[in-house]
Every structure is written in structure tokens, then in C-alpha cells.
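In: heads up, no residue letters with this:
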């Protein structure tokens, strides 16, 4: 390692120490108030340090201080990563560092009556043999909102959920069953956060791309085990962990046991 990298690395560590010292108290909720007993205000160059730290990491200084702290530290970590030539975790992941497995596939047929459409559970029954999927969606699956309001948008052709979320919800006391959240594909071995908007992944011989997070809706109140007073809290707790929609880049078949991975690993 040359002297330049050593000098830059030392500077980076000092910057992290400064940012943590100045921003951590606010991040933890110990920010001084303007009232009686507040700590003396920072003076001189120290007063601008939080903004400098945030700006160095590309964080807008108008953000809450806690956000500035987190963003600044992450930004400086990225700086050190580039200086020392350390491997980027996301780049490793895109190159095929992780792989999941389909443990369940499910579809739900179009309702035959209006009464059924208004009352049936959102659970998608298991399909042991799997299904074929195209830009139009999973064969045999029907989503009324997608079909009517969204004119069968290809951006919601496939829905995906991960087992870590189901396990967390069950640990919180929700008696969920597989399929209750309406997923076409249930994946184990990959965390929920592995999926993100714009990410492409292969599942079986299908290539898909995540288009949006699924938003919780009142249809979940129809789950057979749901007690109505608990429905709103359940919908609220599902925020940011309801599942993912994906569009199909290249169609094919999906079945239990299929691998789920970055296309770079195929």
C-alpha cells in the first residue's frame, strides 16, 4: 500500500471520528435545546462540521441531523473503500454472491361471481407444479385491481415475498400462513432487502425486474383469521414489508425448488 493511500486513509478515519463526535449526540436524541441548561453552542469551524461532514458524503444539510450523521459516515466509508481498493458489497452481490430458493408458488383464479370477488381471502393457493409466467402475469392468476384499474399493467406481472418477513410477522404474533400476503413466489435464503426497485433476478428460467414495493390494502382484512379491530394495525405493520412486484423481461416457468439469483450469476 503506497504512502498516498495511507495518508488518505488516516484522513478518512479522522473525519469519521470528527463526524461521530459532533453528530452522534443529536442522532441519539441528546441534541442541546435552546432552553435553560443547554450546552454551549459550537463556535468557529466546529459549528460547521456537521454540514461539512454531510456535504462530503453528498447528504443535504437541510436533512435531520440524524440523517446527516448516518449519510456522512456511510459516505466516508465509501471513500475509504475506494482509497483502499476494498470490494464493494453491492458489486459482489450483483456478481452472484447470494442465491435464494423458491419454497412455494401460488396463483388465485378469477372469481366466478361478484359476491366471491368481494368476500374471498387474498391468500393465493399453492400450486405444487408451479406455473408459467409472461408479461401478462402468472398463468392462472388474477388480480382484480391490476386487471381493471391498471389495465393489466406488465409492471405487476409477478409478486414476490421472502420467508424472513413471514417469520418476523409470526414472531410478532400474527398467525400468517404462506400465501396470505398474496405472493406468487415465496423465497427463502435471501433477505427482503435483497430485492429493490430496478433489480433484475432470475427465477427458474424466467428473468424478472423489480418494479415497485407492494402496498398493504384493506383486502387483507378478509383473511380468515383476521379479527377486524386488528386489521388496521396489521396493515400499518406491513408498511415497507408487504412484498415486491416485478415485470417479466423473459418469460418461462417457475416452480418450487428453483434458484433465485442475480442474472450475473447465471
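Out: Okay, I see it. Keep in mind the model is a prediction, meaning the values are calculated, not measured.
In: For the rest of this, base every contact and every neighbour count on C-alpha atoms.
Out: Noted.
In: quick one, helices of the stretch 151-266 of the chain?
Out: 163-171, 231-237 (DSSP state H, counting those that start in this stretch).
In: Residue 211: which of these is closest?
Out: helix 163-171 (19.1 Å; C-alpha to C-alpha).
In: ok, and for the closest one, which residues are buried?
Out: 163, 165-166, 169 (16 or more other C-alpha atoms under 10 Å).
In: Counting by contacts, list what it packs against.
Out: Helices and strands touching helix 163-171, by 3 or more C-alpha pairs under 8 Å, 6 or more residues apart in numbering; DSSP states H and E, are strand 185-188.
In: As CSV, the helices of the stretch 151-266 of the chain with mean pLDDT and distance to residue 107 would be great.
Out: Shown next, in CSV, are the helices of the stretch 151-266 of the chain (pLDDT from 0 to 100; distance: least, C-alpha to C-alpha, whole Å):
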stretch, mean pLDDT, distance to residue 107
helix 163-171, 98, 18
helix 231-237, 96, 22
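In: and residue 218, which of those is closest to it?
Out: Closest to residue 218 of those is helix 231-237 (C-alpha to C-alpha; 7.5 Å).
In: What residues sit buried inside the closest one?
Out: Across helix 231-237, burial judged by 16+ other C-alpha under 10 Å covers 231, 234-235.
In: Then stretch 113-131?
Out: So, applying 16+ other C-alpha under 10 Å, buried residues of stretch 113-131: 121-127, 130-131.
In: Quick one, which of the helices of the stretch 151-266 of the chain gets closest to residue 248.
Out: With C-alpha to C-alpha as the criterion, residue 248 lies closest to helix 163-171 of these, at 22.0 Å.
In: just to revisit the earlier point, reformat the helices of the stretch 151-266 of the chain as a markdown table; add distance to residue 109.
Out: Listed next are those as a markdown table, based on distance: least, C-alpha to C-alpha, whole Å:
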| stretch | distance to residue 109 |
| --- | --- |
| helix 163-171 | 23 |
| helix 231-237 | 24 |
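In: Which among these is found nearest to residue 261?
Out: Smallest distance to residue 261 across the helices of the stretch 151-266 of the chain (C-alpha to C-alpha): 15.5 Å, for helix 163-171.
In: Residues touching that closest one, excluding its own?
Out: Among residues not part of helix 163-171, those counted as contacts by C-alpha atoms under 8 Å, 6 or more residues apart in numbering are 176, 178, 186-188, 191-192, 241.
In: how about the strands of this protein, start to end?
Out: Using DSSP state E, the strands found in the chain span residues 99-105, 131-134, 137-138, 158-162, 185-188, 200-203, 206-213, 244-250, 252-254, 259-261.
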